[in-house]
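# curious how this folds, go ahead:
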Amino acid sequence: MSSVMHDAMSKQRCFWALHSSLETVYHDREWGVPAHDDRTLFEFILLEGAQAGLSWLSILRKREGYRQAFANFDVEQVARFDEARCQALLLNSEIIRNKLKIAAAVQNARAFLGIQEKFGSFDAFLWRFVDGQPRQNCWPCREDVPARTAESDALSKELKRRGFVFVGSIICYSFMQAIGMVNDHTIDCFRWHEVRTGERKPGEITYESNH
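This is a model prediction of the structure:
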């Protein structure tokens, strides 16, 4: 048994993190940690859109492929992808080869740049939807965790107005959970307290503001 999976059995975690070592590591190091770096925010916007209709595990397995295919999530470079580049991506087995999702990544990159120009950073625009502070939820069990909220509804509506696609409210809420706008670890999960108090552990990925 791998050390990661052995560790998974020794600590209480959110139910979804127990099916694979990839999910366990992602849960323990990234999920729910507040992110403010625009490159990271663009990465998750792109990956959440790619996930639509699929499992998050399928995206984690292809994450490095996405990093290579989409210029290390450099939003300015992705915004310049032309039709030939998009057609080439359809042949790339390291990502989800869906024409609409690939086109959405480019369209969203351009819309992302528009928000940066207006607000100074995507981070400044985004975190207004939770008044600049993570929502610290206290869900007793997984059935209590919502799929969408009034905040994700508002974010979805505004992103669509600004030209984004593949940003329905459920996708937006998943994005908000991932980048720590909400702490949706259940209270029996060891990470609930760590994320709530800002405690860090060896190997945890942290994100600094870019402004």
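# when you work out contacts or count neighbours from here on, use the C-alpha atoms and nothing else.
Noted.
# all strands of this structure, in order?
135-136, 182-183 (DSSP state E).
# out of those, which is the most enclosed?
strand 182-183 (a mean of 24; mean count of other Cα atoms under 10 Å).
# which strands and helices lie in contact with that strand?
strand 135-136, helix 190-197 (3 or more Cα pairs under 8 Å, 6 or more residues apart in numbering; DSSP states H and E).
# one more time with 10 Å, if that's ok
When contacts are defined as 3 or more Cα pairs under 10 Å, 6 or more residues apart in numbering; DSSP states H and E, strand 182-183 packs onto strand 135-136, helix 169-178, helix 190-197.
# just the pLDDT for the nearest residue to Val195 once chain neighbours are set aside.
Spatial nearest neighbour of Val195, chain neighbours left out: Val33 (6.3 Å); criterion: Cα to Cα, 6 or more residues apart in numbering. Note on Val33: pLDDT of 97.
# can you give me the distance of Val33 to Pro134?
Plainly put, Val33 is 9 Å away from Pro134 if you go by Cα to Cα, to the nearest Å.
# and these two? which has more neighbours close in?
Val33 (27 against 21; other Cα atoms under 10 Å).
# how close does that one sit to Ser93?
As judged by Cα to Cα, Val33 and Ser93 stand 30 Å apart.
# give me the longest helix you can find in the chain.
Counting by DSSP state H, the longest helix found in the chain is helix 99-119.
# hey, C-alpha coordinates of that helix in CSV?
Taking C-alpha atoms only, helix 99-119 is exported to CSV below (Å, rounded to 0.1, in the frame of the first residue of the first chain):
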residue,chain,number,x,y,z
LYS,A,99,-13.9,21.3,-29.7
LEU,A,100,-16.3,23.4,-27.7
LYS,A,101,-14.2,23.2,-24.5
ILE,A,102,-11.0,24.1,-26.3
ALA,A,103,-12.7,27.0,-28.0
ALA,A,104,-14.1,28.0,-24.6
ALA,A,105,-10.7,28.1,-23.0
VAL,A,106,-9.5,30.6,-25.6
GLN,A,107,-12.7,32.7,-25.4
ASN,A,108,-12.5,32.7,-21.6
ALA,A,109,-8.8,33.8,-21.8
ARG,A,110,-9.8,36.8,-23.8
ALA,A,111,-12.6,37.6,-21.4
PHE,A,112,-10.2,37.1,-18.5
LEU,A,113,-7.9,39.7,-20.0
GLY,A,114,-10.8,42.1,-20.3
ILE,A,115,-11.5,41.8,-16.6
GLN,A,116,-7.9,42.3,-15.7
GLU,A,117,-7.8,45.5,-17.7
LYS,A,118,-10.9,46.9,-16.0
PHE,A,119,-10.2,45.7,-12.4
